[in-house]
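Colleague: what follows is a predicted protein model with its sequence.
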Amino acid sequence: MTKSKHHIFTGLSEGYQLLSESGAYTLASSAYVIQDYKKGELLISQGDVVNYVYSLREGIACGGHPSNNAPQITTTFFLQKDLVVASFLFNRVSPIELMSVGPSTVVKWPVEAFMAALRESPDFSVWLLGYMSARLARQHFLRVRTELASIEMLLAHFLWLVSELGPEGTRIVTIKIPQETLASYFSITRSVLNKHRRHLEISGYITNTPQGTVLSPDIAILFSAHSDIPAPWEALSPKAQHTTPTSSSGNLGRILAD
């Protein structure tokens, strides 16, 4: 049995392709669980003793802390193909709760089997270290921007991150994220979030359609660290490189500087 022929790795991160044959067999023959979650359902509660490494096959999950006044104080998101792994390999008690934003599917690997696969797969281990380092760097990057950027910038950047490529290279957000979750993530009220989202609509950066929220190629200008680098892992469209946005909101024309 080879990892490329086993259905369990379908839809997961490409990093799994770096598993050795023995590492792939270890995971594929372990007591893994494939579980579907509904919107708002908890994958992990804060303080749980966690016995699995979570790998998102479909959907988005948000991590944060429980609150009496809201479903969750959201501090981070895990997107499709992400792994929820860092703290669980060393400390089984979860510091956060993990909630499904919409319908999602997760492959849950027993921690012992995952650790064994790491020992048997040097290339996969190196990839995982890089993945975890990149995720920490991205979180730091976003926190720095949170201190400096306007809400429109942060919202534009978030929509870019959760968008998918649509027809003719357009980007579209198809997943529905509750307003209270986004408001919590940005530490603002729902009314303030709606106001800034409306600013993006009026300015033509986003368009709501029956298929989802379509993003203008120019939206990357709002959160670009440089005129041609919107984010370390994305490329700015040629059109956006030579376009200066105009807006009824003073914040929308700003470009985040170093």
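Modeller: Thanks, I have it.

Colleague: what about residue 158, which helix or strand?
Modeller: Assessed by DSSP states H and E, residue 158 sits inside helix 151-162.

Colleague: elements contacting that helix?
Modeller: Counting contacts by 3 or more C-beta pairs under 8 Å, 6 or more residues apart in numbering; DSSP states H and E, helix 151-162 is packed against helix 122-148, strand 171-173, helix 179-186, helix 190-202, strand 212-215. C-beta coordinates here come from the backbone N, C-alpha and C atoms, glycine included.

Colleague: pull the distance from it to the chain's centre.
Modeller: 12 Å (C-alpha atoms, centre = their mean, to the nearest Å).

Colleague: per-residue confidence for the nearest residue to residue 131 once chain neighbours are set aside?
Modeller: Nearest residue to residue 131 in three dimensions, chain neighbours excluded: residue 15, at 6.3 Å (C-beta to C-beta, 6 or more residues apart in numbering). Per-residue pLDDT puts residue 15 at 92.

Colleague: surely residue 15 meets residue 126?
Modeller: No - at 9.8 Å, residue 15 does not count as touching residue 126 under the criterion of C-beta atoms under 8 Å.

Colleague: of these two, which one has the most company?
Modeller: residue 15 (17 against 12; other C-beta atoms under 10 Å).

Colleague: list the contacts for the more buried one?
Modeller: 124, 127-128, 131 (C-beta atoms under 8 Å, 6 or more residues apart in numbering).

Colleague: any idea how far it is from residue 197?
Modeller: Going from residue 15 to residue 197 by C-beta to C-beta, to the nearest Å gives 34 Å.

Colleague: report how many residues lie close to the nearest residue to residue 194 once chain neighbours are set aside.
Modeller: The spatially closest residue to residue 194, leaving aside those adjacent along the chain, is residue 179, at 7.2 Å (C-beta to C-beta, 6+ apart). Number of residues near residue 179 (other C-beta under 10 Å) recorded here: 14.

Colleague: and residue 10, how many residues sit next to it?
Modeller: Counted with other C-beta under 10 Å, residue 10 comes out at 9.

Colleague: next one: it, what pLDDT does it get?
Modeller: For residue 10, pLDDT reads 87.

Colleague: quick one: contacts for it?
Modeller: Neighbours of residue 10 in contact, by C-beta under 8 Å, 6+ apart: residue 57.

Colleague: ramachandran angles for it?
Modeller: Main-chain torsions, residue 10, degrees, to the nearest 10: phi -70, psi 130.

Colleague: now stretch 77-85: average pLDDT?
Modeller: 85.

Colleague: oh, that last question was meant for stretch 27-35, not what I typed.
Modeller: pLDDT averaged over stretch 27-35 gives 94.

Colleague: scan the contacts of residue 15 and report the most crowded one.
Modeller: Busiest of the contacts of residue 15 [other C-beta under 10 Å] is residue 128, holding 22 neighbours.

Colleague: hang on, isn't that residue packed against residue 119?
Modeller: No - counting by C-beta under 8 Å, residue 119 is not a contact partner of residue 128; they are 12.0 Å apart.

Colleague: what touches both of these two?
Modeller: With C-beta under 8 Å, 6+ apart, residue 128 and residue 119 have no common neighbours.

Colleague: pull up the pairing partners for the next helix or strand after the helix holding residue 158, direction included.
Modeller: Once the chain leaves helix 151-162, the next helix or strand it forms, by DSSP H and E, is strand 164-165. Its sheet considered, strand 164-165 pairs with strand 171-173 (antiparallel) by DSSP bridges.
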